[in-house]
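[1] here are the coordinates; sequence isn't available:
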């Protein structure tokens, strides 16, 4: 962008730039003055001036000269500050783009280049707008009015001509040609075509030419220049729809091709670089060298980048107890690719292309056929029936919006619950496996112990010494114990399969009677048990599992919120389309009914401006809101500012206050604390006095009761 273009934009949107007397710009010095060069200096001259000034302003050189600069003694902080300003000036003027921005906008524009996040902050822009002059705000308001004026001038001219033609009042637009009425549209078409030529969007340019040509032929038909039927007049619109169909089909094919090429770095390393190779006999070659993506040469990387599209997968929350680095299957790797931003963008483009084809099939093609039949064959159909394809299309869009608004949130939460249920099932399976392995280890340990006892018994049998009755009895007991343990281990490890019992049918009673209600009850009971088990797991999960569940719920909620916002936007769009279509159809029916009654002069139907009334209402409300936002903008409150800007403003305000003003609130706070402490101590003392008086009265009553015990109930009541 050239310098004069930047200056024009700065003059137009000067309300969003800091004003000339802004305190933040007071300490800024002209960069050309800092380097002592003219604004027309060449890059080599700027470089030489920077070297010369750096020797003069460098802190070490100043120390050698006794901190003297231009005949004055300066401090090290001042020297360091001037050196930094001079370095910033050289950085800005040595870069051609930064120098161009500085020449056009000055220090204000450099803030947009060096610190764009701060310059484009809505709070900063609103603060600059509040400090701007009335002239700068008026320029913004004129831009808003110009935009809506260009947007509404064509619909207003069309509605005015239609009303004058129907009223037969001889207005200025009644005898004018439609080609002249559509002059704003022709100008806009030329400008839009130039933009597409600059952007090299040739296929959309051809589509736009066909659409403009169709409007031109239709306007000539209404001006009675062309006498052909509407079936021939609509030929450019046929070509327009055919080109859109071709573009949408090409987009779908390209997106499918791109989606099939998308891979991750892990996928490349696992299935492409380290693919298992086989010899001539079909056996896997062992001891292959494992290669990574970083080990590839530049040529190999270029070849892979030409063949595949490397995508970046966002991090995914991992359930507690799961190893994210564990070996994954092909399905899991493909799921990672589908979660990437590139794959999601391709999916959206594919869906948009599919919707474009769907919109051509319904309602455009059936609608244009019905319109041709109505106009060329002079049918007396109601225009509401002619527009049936449009009503069907809008109904389908409403159903899709309802699904996106009401069902997406529920489906997202159901996916979270299914994920948690799978996690609980995996954890239970792991626990059961650990328990089974532990039981198997215990059984094996018992069997080994028994085998050791049996071996010891056999060793004792080989000894040539007589056995006593007690020893034989002990060995018999050991053998019996070993036999029992072996039998127990066999019973524990064996799988008992019971043969199915055959049910003999009684011939006298006929066929066997089945009870499906029992199966339904059993299935319902199993489902209830599963639900109860899921609820028990949900209420008994640990902290890590709860954090994982909370994060998954937040992700599901964000997805549901995004889908609902899109559904709301779709609802608003459909609502305005339905409103326009209904008003247009009603107007057409009234006009055609009056055409069949030639004795009626003029028209009794409503004005054509009611058709564009929703657009006029929206434009009027938007203009009013922009007027209030531009001319009623005041100082930004600290609660509306960002945290950094609010903190900086508070610190600046505190520095500007005198010492007495800062000390006065602190003295008031200390005085309030002392009063509160005194009040607390006084209340505590009063409570102690009341408790002491009550205790004294109770002791006196007890003493009186001991000395003169009450003999009547009335005395007892008095004592109570």
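    Perfect, thanks for sending it. All values derive from a computational prediction rather than experimental measurement.
[2] quick check: residue 41 touching residue 33?
    No - using C-beta atoms under 8 Å as the test, residue 41 is too far from residue 33 to be in contact (11.9 Å). (C-beta placed from N, C-alpha, C; glycine too.)
[3] neighbour count winner among the two?
    Neighbours were counted for residue 41 and for residue 33 using other C-beta atoms under 10 Å; residue 41 has more, 17 against 9.
[4] what about the more buried one, which SS state?
    coil (DSSP: H, G, I helix; E, B strand; the rest coil).
[5] report the contact partners of it.
    Shown in contact with residue 41 (C-beta atoms under 8 Å, 6 or more residues apart in numbering): 32, 35, 49, 93.
[6] how near is the last one to residue 86?
    Spelled out, that is residue 93. Applying C-beta to C-beta, to the nearest Å, the value for residue 93 to residue 86 is 11 Å.
[7] quick check: neighbours shared by these two?
    Between them, residue 93 and residue 86 share the neighbouring residues residue 35, with contact defined by C-beta under 8 Å, 6+ apart.
[8] among the contacts of residue 41, who's most crowded?
    Each of the contacts of residue 41 was scored by neighbour count (other C-beta under 10 Å); the top score is that of residue 93, with 24 neighbours.
[9] any idea of the mean pLDDT for the helix or strand where residue 257 lies?
    According to DSSP states H and E, residue 257 maps onto helix 235-261. For helix 235-261, mean pLDDT is 94.
[10] so what does the following helix or strand past that helix touch, helix or strand wise?
    Beyond helix 235-261 in the direction of the C-terminus, DSSP H and E gives the next helix or strand as strand 262-263. The helices and strands touching strand 262-263, judged by 3 or more C-beta pairs under 8 Å, 6 or more residues apart in numbering; DSSP states H and E, are strand 309-310, helix 341-359.
[11] one step back: please spell out which residues along the helix holding residue 257 are buried.
    When neighbours are counted by 16 or more other C-beta atoms under 10 Å, the buried residues of helix 235-261 are found to be 236-237, 239-241, 243-244, 247-248, 251-252, 255, 258-259.
[12] now swap in stretch 67-85 and tell me
    Neighbour-count burial for stretch 67-85 [16+ other C-beta under 10 Å]: 74, 79, 82, 83, 85.
[13] also stretch 222-235?
    Within stretch 222-235, the residues scored as buried using 16+ other C-beta under 10 Å are 233, 234.
[14] what residue ranges in the stretch 251-400 of the chain score low on pLDDT?
    Along the stretch 251-400 of the chain, segments meeting pLDDT under 70 span 275-289, 316-328.
[15] please redo it, this time with the cut-off set to 80
    274-291, 314-332 (pLDDT under 80).
[16] helices of that one, residue ranges please.
    With DSSP state H, counting those that start in this stretch as the criterion, the stretch 251-400 of the chain has helices at 265-267, 298-307, 330-338, 341-359, 365-376, 383-386, 388-402.
[17] nearest to residue 61, out of those helices?
    For the helices of the stretch 251-400 of the chain, proximity to residue 61 was assessed by C-beta to C-beta; helix 298-307 is nearest, at 46.0 Å.
[18] list the buried residues of that closest one.
    Counting neighbours by 16+ other C-beta under 10 Å, one finds that the buried residues in helix 298-307 are residue 304.
[19] what is the strand or helix carrying residue 152 packed up against?
    Here residue 152 sits within helix 134-167, counting by DSSP H and E. Contacts defined by 3+ C-beta pairs under 8 Å, 6+ apart place helix 134-167 against helix 3-12, helix 178-181, helix 183-198, helix 613-631.
[20] for the nearest residue to residue 6 once chain neighbours are set aside, which residues are in contact?
    Here the nearest residue to residue 6 in space, its sequence neighbours aside, is residue 104; by C-beta to C-beta, 6 or more residues apart in numbering that works out to 3.5 Å. By C-beta under 8 Å, 6+ apart, the contact list for residue 104 reads 3, 4, 6, 7, 10.
[21] number of nearby residues for residue 459?
    Look at residue 459: counted by other C-beta under 10 Å, it has 9 neighbours.
[22] by contact count, what packs against whichever strand or helix holds residue 438?
    Under the criterion of DSSP H and E, residue 438 resides in helix 408-461. Counting by 3+ C-beta pairs under 8 Å, 6+ apart, the packing neighbours recorded for helix 408-461 are helix 469-493, helix 516-539, helix 543-595.
[23] could you rerun that using 6 Å?
    Here helix 408-461 touches helix 469-493, helix 543-595, going by 3 or more C-beta pairs under 6 Å, 6 or more residues apart in numbering; DSSP states H and E.
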